[in-house]
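1. Kindly return the folded structure for what I paste below:
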Amino acid sequence: MLRMKTRIGVAAALALGTCLLAQGQTLSGLRPGRTIAISTAVEYLYPEQVTVAAGKKSEVTLHFRIAQGLHINSHKPREEALIPTTFSIPESSGVRLLGASYPEGSEFTLPLDPETKLSVYTGDFTIEAHIVATAGNHLVEAKLRYQACDKDACMPPKTITVPIDVIGK
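-> Take a look at the predicted model:
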């Protein structure tokens, strides 16, 4: 009977965890002080569509949001071993990335190492993409690569898709 109750309890816990995962929420309380983040650390906000002059350099401001309690390394982290935040556009998209302007990072100090100052982004930030588009409608699947961390640990590097419908006129 005890074995059956244990199996039912384990099944219920797994079902609850699956429901939370499906809803993009977090699970906490597994171990004191540890939380498993399920949702995306960085979210692309907008623009979904832009119209630019075909064949001419254009600037597009891309808006992102970092989940509360997390930070990502800036485009120019202070430590060589840290992974910078980078934006890219595939060569075959009909849109060429000439360059990108990134915001200055904010200074961040880890509680365990107050001597080390990191350059990070938190909250909302923008990247100014300098592009040239050929004439036509181009569904661009640009990429943002970053590494998100909290005050205690870093997650593996991640690349998210940044979909932009670029209309070259």
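
2. can you pull the contacts of the residue nearest the centre of the chain?
-> Taking C-alpha atoms, centre = their mean, the centroid of the chain lies closest to residue 42, which sits 2.9 Å from it. For residue 42, the contacting residues are 64-67, 72, 144, 146, 148, 158, 160, by C-beta atoms under 8 Å, 6 or more residues apart in numbering. C-beta coordinates here come from the backbone N, C-alpha and C atoms, glycine included.

3. Quick one: buried ones out of the residues you listed?
-> The neighbour-count test (16 or more other C-beta atoms under 10 Å) marks 64, 66-67, 72, 144, 146, 148 as buried among those.

4. Closest one of these to residue 91?
-> residue 144 (16.9 Å; C-beta to C-beta).

5. By neighbour count, which bits of the helix or strand harbouring that closest one are buried? Give me those.
-> In the assignment (DSSP states H and E), residue 144 maps to strand 136-146. For strand 136-146, the neighbour count (16+ other C-beta under 10 Å) marks 138, 140, 142, 144-146 as buried.

6. Return the member of those nearest to residue 153.
-> Using C-beta to C-beta, the buried residues of strand 136-146 come closest to residue 153 at residue 146, 15.3 Å.

7. so what's that closest one bridging to?
-> residue 158 (DSSP bridges).

8. So what's the residue count around the nearest residue to residue 73 once chain neighbours are set aside?
-> By the measure of C-beta to C-beta, 6 or more residues apart in numbering, the closest residue to residue 73 outside its immediate chain neighbours is residue 82, 4.9 Å from it. Residue 82 is flanked by 16 other residues according to other C-beta atoms under 10 Å.

9. Hmm, residue 143 is touching residue 158, no?
-> No: in this structure, residue 143 is not within contact of residue 158 by C-beta atoms under 8 Å, at 10.3 Å.

10. where does this protein have low pLDDT?
-> For the chain, residues meeting the criterion pLDDT under 70 lie at 1-39.

11. Break the protein into its domains for me.
-> Per the record, the chain has its domains at 1-39, 40-168, by automatic domain parsing.
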